[in-house]
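> When you get a sec, could you give me coordinates for this:
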Amino acid sequence: MMDTPLQKARKAPESMKARILAAARRIFGEYGFHGTTTRMIAKEVGIDISTLHYHWGEKKDLYAAVVVDINEDLRRKLIEVERLIHGRPLGERLSLSIDVMTDYLFAHPEVSNLVLMRYLNKTRDDVLVDIRIPEFTCDIARSMGLAADKKNVSADAKMKVLAVMNSIHNFISGESFFRSIVRADREAYIALVKETLNFIHVPAFTQNGSSQNKR
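Sure thing, here's the model as predicted:
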């Protein structure tokens, strides 16, 4: 079976396909599906529009590849986090997860931007793939010890996970706005975000949680 364009791009990160994909992630992340044109992406890469279409087809095909690429990156990062936090007390699990995921998402802000665009701004299109928020929510709940397995996650546990993830996404997507309020450079802002997330969520999970959450 032949590799898909996305598989080819991931295998050859210096290739033209990979360069287009990287630019598409940034621009879709900034302007969304409807606010982005393939000409904008082609200009960013420094190629003509026919070259972009040769490598990726239509805009919806490239956008679908961006979403699948983000899903795969998130899946790998969550596996990495799960290995780091396995066997630790709940407070340590949460604090370490916040630290690692915050660093990752600040390095890839298009992920948070696209997540929020998909379900807050209700940006719709005819692309059939989507960021796997429900699946990832269940994976995180299991990793945090809020559920025995990802097939049996309560609504309460899902809401707790969404509260943590939404707060991270909002601090990242709103970075320029929030930094202007707190008057901090980027390094200081990231440190403040982590401190604030720990201040809010660690006590909520460890001091006031159910007996299930204290495992």
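
> Find the centremost residue of the protein, please.
The chain has Val111 as the residue nearest its centroid, 3.8 Å off, counting by C-alpha atoms, centre = their mean.

> I'd say Ser95 and Ile200 touch.
No - in this structure Ser95 lies outside contact range of Ile200 using C-beta atoms under 8 Å: 11.7 Å. All C-beta atoms are positioned from the backbone trio N, CA, C, and that covers glycine.

> Between these two, which contacts overlap?
Counting by C-beta atoms under 8 Å, 6 or more residues apart in numbering, Ser95 and Ile200 have no shared contacts at all.

> between those two, which one's more packed in?
Ser95 (20 against 14; other C-beta atoms under 10 Å).

> In which helix or strand does the more buried one reside?
Applying DSSP states H and E as the criterion places Ser95 in helix 90-107.

> For that helix, which outside residues touch it?
77, 80-81, 84-85, 88, 111-112, 140, 143-145, 164, 168-169, 171-172, 175, 190, 193-194, 197-198, 201-202, 205-206, 209, 213-215.

> In the helix or strand where Tyr54 lies, which of the residues would be classed as buried?
Using DSSP H and E, Tyr54 sits within helix 49-56. Residues 52, 55-56 are the ones in helix 49-56 that count as buried (16 or more other C-beta atoms under 10 Å).

> cool, and stretch 190-208?
For stretch 190-208, by 16+ other C-beta under 10 Å, it's 190, 193-194, 197-198, 201-202, 205-206.

> Tell me the confidence at Ser211?
Model confidence at Ser211, given as pLDDT, is 41.

> Quick check: next helix or strand after the helix or strand hosting the residue nearest to the centre of the chain?
Per DSSP H and E, Val111 falls inside helix 109-119. Where DSSP H and E defines the elements, the next helix or strand beyond helix 109-119 is helix 133-143.

> Report the angle between the very next helix or strand once past that next one and helix 109-119.
Moving toward the C-terminus from helix 133-143, the next helix or strand (DSSP H and E) is helix 155-173. Angle between the axes of helix 155-173 and helix 109-119 is 130 degrees (criterion: axes from the mean of the first three to the mean of the last three C-alpha atoms, to 10 degrees).

> For the helix or strand just after helix 155-173, the averaged confidence score.
Counting by DSSP H and E, the next helix or strand C-terminal to helix 155-173 is helix 175-182. Per-residue pLDDT values over helix 175-182 give a mean of 96.

> counting contacts, what elements does helix 175-182 pack onto?
Helix 175-182 sits against helix 186-206, with contacts defined as 3 or more C-beta pairs under 8 Å, 6 or more residues apart in numbering; DSSP states H and E.

> starting at the chain centroid, how far to the helix it packs on?
In terms of C-alpha atoms, centre = their mean, to the nearest Å, the centre of helix 186-206 is set 18 Å apart from its chain centre.

> Buried residues, whatever helix or strand Val81 lives in. List them.
Using DSSP H and E, Val81 maps to helix 59-85. For helix 59-85, burial by neighbour count (16+ other C-beta under 10 Å) applies to 59, 62-71, 74, 77-78, 81-82, 85.

> For it, name the packing helices and strands.
Contacts defined by 3+ C-beta pairs under 8 Å, 6+ apart place helix 59-85 against helix 5-11, helix 16-35, helix 38-45, helix 49-56, helix 90-107, helix 109-119, helix 133-143.

> Three-state assignment for Asp3, please.
Secondary structure assignment for Asp3 (DSSP: H, G, I helix; E, B strand; the rest coil): coil.
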